[in-house]
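Visitor: Got a predicted structure plus its sequence, pasted below:
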Amino acid sequence: MTEQELVEGCIKEDRKCQEILWSRYSQKLFSLAMRYCQNQEEAEDALMESFVKIYNNLPKFRFQSSLETWMRRVTVNACINKIRARKVSFDSIDDKAIDLPSNDKAFERLHVEQLLKLVGLLPEGYKAVFNMYAIEGFSHREIAQTMGIDEGTSRSQFSKARKVLQSMLEKLEGGES
């Protein structure tokens, strides 16, 4: 089934199409939500909120991007709303010590999964901006608008996140815990 057929079916409230949409994208979007959210429960809430918004807004979808790209944006926005609800201050995040896993064999050879685990250890503001800029491809202007922060704050948070990640990687390569 093509994206066009799937969207048209969902708009017509065809249960089969809605189930296909869920089965095709829910795991990917849940993984995305886990990168932003504090825990599994919050990620599940963000995912459910995303799918409600997706189903409700499918009639407005104009195929100017892929369906998955649009759904990822909806999910990121739901996650950002969760972060806002926790009242994370992006201007006052300190460079607190980050606990690295000690003697974790999974970190010996760094792969994408391990890098994402390290990103998950970043302070909330760093993590959100890093995910949005480096992984999702948002511009600093888009991040600033979405998160209600200054563009300079977005750039600063990204720069600090990179430095913290570099430090974490050096510690892992050096065998420190």
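Guide: Arrived safely.

Visitor: Enumerate the positions of the lowest-mean-pLDDT helix or strand in the chain that are buried.
Guide: Ranked by mean pLDDT, DSSP states H and E, the helix or strand of the chain with the weakest confidence is helix 112-120, at a mean of 78. Buried residues in helix 112-120, defined by neighbour count with 16 or more other CB atoms under 10 Å: 114, 118-119. In this view, the C-beta of every residue, glycine as well, is placed from N, C-alpha and C.

Visitor: Find out how far the strand or helix carrying N81 is from the centre of the chain, if you would.
Guide: Using DSSP states H and E, N81 sits within helix 67-85. From the chain centre to the centre of helix 67-85 is a distance of 7 Å (CA atoms, centre = their mean, to the nearest Å).

Visitor: cool, stretch 140-155 as well?
Guide: That offset, for stretch 140-155, works out to 15 Å (CA atoms, centre = their mean).

Visitor: coming back round to it: how about TSV for the buried residues of helix 112-120, with distance to K28 added?
Guide: Output for the buried residues of helix 112-120, formatted as TSV (distance: CB to CB, whole Å):
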residue	distance to K28
Q114	19
L118	21
V119	17
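
Visitor: thinking again about what came up before, packing partners of the least confident helix or strand of the chain?
Guide: Counting contacts by 3 or more CB pairs under 8 Å, 6 or more residues apart in numbering; DSSP states H and E, helix 112-120 packs against helix 15-36, helix 124-130, helix 151-173.

Visitor: Most tightly packed of the ones you listed?
Guide: Burial of those is given as mean neighbour count (mean count of other CB atoms under 10 Å); helix 124-130 ranks first at a mean of 24.

Visitor: neighbouring contacts of it?
Guide: 35-36, 38, 79-80, 83, 86, 88-90, 93, 119-120, 122, 143, 147, 154, 157-158, 160-162, 164-165 (CB atoms under 8 Å, 6 or more residues apart in numbering).
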